[in-house]
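> no letters, just coordinates:
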């Protein structure tokens, strides 16, 4: 399931389970390329964070470039991926951290 962050409550959203947080911007080419790949993922909840709306969250989580995906498990950051990743690469990451 993909959810767009609407208010500054990311900590609440990531506190339970395995969550992929996709930091993106509408003008970002790699972000546009990865969007349909994320829609194909079945085994993980995804939260999309627009860095233009929430620059404070980008700063807090050390997002210096996008596309930037951070995997959280029960509120703790466990893996960060920067740049485009294929569906297969993301599925392997998910499998390795479940």
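Everything's here; your move. For clarity, every value in this text was computed on a predicted model and none was experimentally measured.

> mind listing the strands for the chain?
For the chain, applying DSSP state E gives strands covering 2-4, 18-24, 45-50, 68-73, 76-82.

> against residue 42, how distant is residue 54?
According to C-beta to C-beta, to the nearest Å, residue 54 and residue 42 sit 26 Å apart. Every residue, glycine included, has its C-beta placed from N, CA and C.

> re earlier: distance to residue 98, mean pLDDT and mean neighbour count added to the strands of the chain, as TSV?
Listed next are the strands of the chain as TSV, based on distance: least, C-beta to C-beta, whole Å; pLDDT from 0 to 100; neighbours: other C-beta atoms under 10 Å:
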stretch	distance to residue 98	mean pLDDT	mean neighbour count
strand 2-4	19	91	12
strand 18-24	6	96	22
strand 45-50	13	96	18
strand 68-73	9	96	21
strand 76-82	11	95	13
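
> of residue 54 and residue 42, which one has the most company?
Comparing residue 54 with residue 42 by other C-beta atoms under 10 Å, the one with more neighbours is residue 54, at 18 against 7.

> which residue is the nearest non-sequential neighbour of residue 61?
residue 70 (6.0 Å; C-beta to C-beta, 6 or more residues apart in numbering).
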